[in-house]
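Peer 1: With the sequence up front, the predicted model follows.
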Amino acid sequence: MTARFDPAVNALLDAHDHPLRKEIDHLRTIILDADGSIEEGVKWNTASYRTTDWFATLNGPRHVKEPMIILHAGAKAKGIVLKDRVPDPEGLLKWMGNDRAQVVFKDAADIKAKQNVLRAIVSAWVELV
């Protein structure tokens, strides 16, 4: 799947010698695999994802404590309500508002254990935004 990785994101992560690079690359793959229309790029100085608009951002290379994804409804508020509309059978989403949620993982094993659920969440999110 690495063929869809954006070279600019690779360069950003390489430049910061990202301490969670293995985990971040796994999350990148899961997100890109969730829907063929998803594209990766650098936005807000970190790996971000879009279809027609930006909808997901990984924690930036300078502020790393654990692997984390922020799911949102785009760069500007649109009044879209996503809370309680995205299936989350394992309770991965921590809602930060009606149009933003956070998913935090403990480590690589946690990502691997939850990858199918995360892929389904991202797929459902893309359908709604």
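Peer 2: On my side now, so go ahead. Numbering: from 1, shown residues only.
Peer 1: Going along the chain, name the helices of this structure.
Peer 2: 7-15, 21-34, 108-128 (DSSP state H).
Peer 1: could you dump those to JSON lines with mean pLDDT, mean neighbour count and distance to residue 66?
Peer 2: From N, CA and C alone the C-beta is placed, and that goes for glycine too. Listed next are these as JSON lines, based on pLDDT from 0 to 100; neighbours: other CB atoms under 10 Å; distance: least, CB to CB, whole Å:
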{"stretch": "helix 7-15", "mean pLDDT": "93", "mean neighbour count": "14", "distance to residue 66": "16"}
{"stretch": "helix 21-34", "mean pLDDT": "95", "mean neighbour count": "20", "distance to residue 66": "8"}
{"stretch": "helix 108-128", "mean pLDDT": "96", "mean neighbour count": "17", "distance to residue 66": "9"}
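Peer 1: Distance to residue 87 added to those, as JSON lines?
Peer 2: What follows is the helices of the chain, written out as JSON lines (distance: least, CB to CB, whole Å):
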{"stretch": "helix 7-15", "distance to residue 87": "28"}
{"stretch": "helix 21-34", "distance to residue 87": "13"}
{"stretch": "helix 108-128", "distance to residue 87": "6"}
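Peer 1: Out of those helices, which is closest to residue 65?
Peer 2: Judged by CB to CB, the one of the helices of the chain that comes nearest to residue 65 is helix 21-34, at 11.7 Å.
Peer 1: Need the contact partners of the closest one.
Peer 2: 1-2, 4-5, 9, 13, 18, 38, 40, 47, 49, 56, 58, 67, 69, 105, 107-108, 111-112, 115, 118-120, 122-123, 126 (CB atoms under 8 Å, 6 or more residues apart in numbering).
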